[in-house]
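Undergrad: how would this look folded up:
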Amino acid sequence: EAENLRKSFGIDRPLHVLALSAQTDATLQSLAIRYAESLPSLPFADACYSASTGRSHLAKRLSIAASTSADAVAALREFTEKGASQNAVVGDAKSIAGKRVAFLFTGQGAQFPQMGRGLYESSPVFRRVLDECDEVLRPRLDVPLLKVIYPDEGASTPLDETSYTQPALFAIEYALAELWKSWGVVPSCVMGPSVGEYVAAC
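TA: Numbering: from 1, shown residues only. Alright, predicted model coming up:
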């Protein structure tokens, strides 16, 4: 039933984050120049992944969200020429030191058909967790979870029935939490009302 959804495995995410860091402002500028020169010849998604996971996270930081290497290069050039860019976030590790992250999970009432569809199509982590939830719930639900959340165009869905709403919200929220954790964003505290409390407990 959910096989049509799984066929979209190869869809890429719409934006990638290029995260650069250096010890000083001057070396961050130099690094940005080097990346602006080399990005056009590299696979953009791979370059972003390597910059985020293969380099140390130092004191001075620059992050750019872009869909293509050309967009990233334009933001890098704007940063190196003006010291800032509309499409870049510049920060200092000291400014975020000691800040804590909280995850708040919603209760019933936030559901809607196709929620998280873009993430399901573009994120292997998000998709894996939703697929696992779908598999675990197959013996317990008359309609498979993925068909409830992602009904065929024009088809009705029992998503607003409590027996489907709650597992659907749990699965989406749990998949989102696992996705954030896979990116290195780990909460200091978690909370949520109703079904959100179960996600927080997990």
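
Undergrad: rest of the way, CA atoms for contacts and neighbours
TA: Will do.

Undergrad: torsion angles phi and psi at L18?
TA: phi -100, psi 110 (degrees, to the nearest 10).

Undergrad: so what's it closest to, chain neighbours aside?
TA: C48 (4.7 Å; Cα to Cα, 6 or more residues apart in numbering).

Undergrad: contacts only, for that neighbour.
TA: 16-19 (Cα atoms under 8 Å, 6 or more residues apart in numbering).

Undergrad: and it, helix, strand or coil?
TA: helix (DSSP: H, G, I helix; E, B strand; the rest coil).

Undergrad: tell me the predicted confidence for it.
TA: For C48, the model assigns a pLDDT of 88.

Undergrad: again, but for I11
TA: On the pLDDT scale, I11 gets 51.

Undergrad: helix or strand for A19, which one?
TA: Using DSSP states H and E, A19 falls within strand 16-22.

Undergrad: ok, residues contacting the helix or strand containing E135?
TA: Using DSSP H and E, E135 sits in helix 124-137. For helix 124-137, the external contacting residues (Cα under 8 Å, 6+ apart) are 9, 119-121, 144-146, 171-172, 174-176, 178-179, 182.

Undergrad: biggest helix in the protein, by residue count?
TA: helix 162-182 (DSSP state H).

Undergrad: give me the residues contacting that one.
TA: 103, 105, 107-108, 110-111, 115-116, 125-127, 129-130, 133, 141, 145, 148-149, 158-159, 186, 195-196, 198-199, 202.

Undergrad: which elements pack onto the very next helix or strand once past that helix?
TA: Next along the chain after helix 162-182, taking DSSP H and E as the criterion, comes strand 189-191. Secondary-structure packing of strand 189-191 (3 or more Cα pairs under 8 Å, 6 or more residues apart in numbering; DSSP states H and E): strand 102-104, helix 195-201.

Undergrad: which of these sits most buried?
TA: Stretch with highest mean neighbour count among those: helix 195-201 (a mean of 18; mean count of other Cα atoms under 10 Å).

Undergrad: circling back: columns distance to K60 and mean pLDDT on top of the helices and strands packed on strand 189-191, output as a markdown table?
TA: Putting the helices and strands packed on strand 189-191 into a markdown table (distance: least, Cα to Cα, whole Å; pLDDT from 0 to 100) gives the following:
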| stretch | distance to K60 | mean pLDDT |
| --- | --- | --- |
| strand 102-104 | 24 | 94 |
| helix 195-201 | 33 | 95 |
